[in-house]
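> Show me how the following folds:
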Amino acid sequence: MTQITTITPAIGTPMEGGFLGARYLDETGALAGLIVSRAEIGDFDPVPWLKNPQDVPGACSLLDGLANTQAMAEAGSEIAQTILDLVIDGVGGWHIPALDQMTALRSTAMPRAGIVPAQSIAEVFQEGSDDAFRRDWYWTSTQDNSGSAWLQSFLYGYQTNTSKGSRNRVRAVRKCLL
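Numbers count the residues shown, from 1 in each chain. Predicted structure coming up:
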């Protein structure tokens, strides 16, 4: 009998316009990868999630960042539309990570040591690398309620919610099946 072995790329492996940032089970239960864009193209200075906060019912998924980002854009989010329009190395499908996608990234892409979770083992995500997450707050695409959405800290490692009108960093990601 022939055995087929599947080799999953390591965290930090360059692929499809960025670097493999995390592995997780997607909304269908399939093994997926989250590709993090190169920072020079897909890491955005602080912007509001939505300038005129309102309920965005389609942006409540914990795992489907693409659907959330599409709903954000339909509601008028400029950053969501900017990220949906991104094409990096000929590859589209970029979005703002959903809350649980960001949790997976927190576990594998923390830029510095001395905190929990530990510093990433992938050099590309370690502090000092051009492509590391900044020691700052990043939006997720997951709404908490009509006035707030979820954030991920890449300084302390925890998540919280805040007003959709506040300004925080955004990093473009895309999903791939592994």
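> Could you pull out the buried residues of stretch 78-94?
For stretch 78-94, a neighbour-count test (16 or more other Cβ atoms under 10 Å) marks 79-80, 82-84, 86, 88, 91, 93-94 as buried. To be clear about C-beta, it is placed using only N, CA and C from the backbone, and glycine gets the same treatment.
> One more: stretch 9-19?
Buried residues in stretch 9-19 (16+ other Cβ under 10 Å): 11-12, 16-19.
> now stretch 127-143
Those would be 129, 131-133, 136-143, for stretch 127-143 by 16+ other Cβ under 10 Å.
> same deal with stretch 146-157?
148-154.
> residues in contact with that stretch?
49-50, 53-55, 59, 99, 102-103, 105-106, 109-111, 115-117, 133-144, 159-164, 168 (Cβ atoms under 8 Å, 6 or more residues apart in numbering).
> So which of those residues belong to helices?
If you go by DSSP state H, the contacts of stretch 146-157 have 99, 102-103, 105-106 in helices.
> I'd like the distance between the residue nearest to the spatial centre of the chain and residue 68.
In the chain, the C-alpha nearest the mean C-alpha coordinate belongs to residue 97, at 3.3 Å (Cα atoms, centre = their mean). Distance check for residue 97 against residue 68: by Cβ to Cβ, to the nearest Å, it reads 9 Å.
> between those two, what contacts are shared?
Joint contacts of residue 97 and residue 68 (Cβ under 8 Å, 6+ apart) are residue 141.
> just the strands in the protein please.
14-15, 18-25, 31-37, 43-48, 137-145, 148-153, 159-163, 167-171, 173-177 (DSSP state E).
> Any idea which of the ones you listed gets closest to residue 124?
Ranking those by proximity to residue 124 (Cβ to Cβ) places strand 18-25 first, at 5.2 Å.
> For the closest one, buried residues please.
Buried residues in strand 18-25 (16+ other Cβ under 10 Å): 18-24.
> Also stretch 28-45?
Buried, per 16+ other Cβ under 10 Å, within stretch 28-45: 32-39, 42-44.
> and which of these is nearest residue 122?
residue 36 (9.9 Å).
> which residue packs closest to the closest one, ignoring adjacent ones?
residue 21 (3.7 Å; Cβ to Cβ, 6 or more residues apart in numbering).
> how close does that neighbour get to residue 77?
Taking Cβ to Cβ, one finds residue 21 at 22 Å from residue 77.
> returning to what we had before: of all the buried residues of strand 18-25, which comes closest to residue 174?
residue 18 (7.3 Å).
> mind checking how far that closest one is from residue 43?
11 Å.
> okay, and the common contacts of these two?
Shared contacts of residue 18 and residue 43 (Cβ under 8 Å, 6+ apart): residue 37.
> ok, and the most crowded of the ones in helices among the contacts of stretch 146-157?
residue 102 (28 neighbours; other Cβ atoms under 10 Å).
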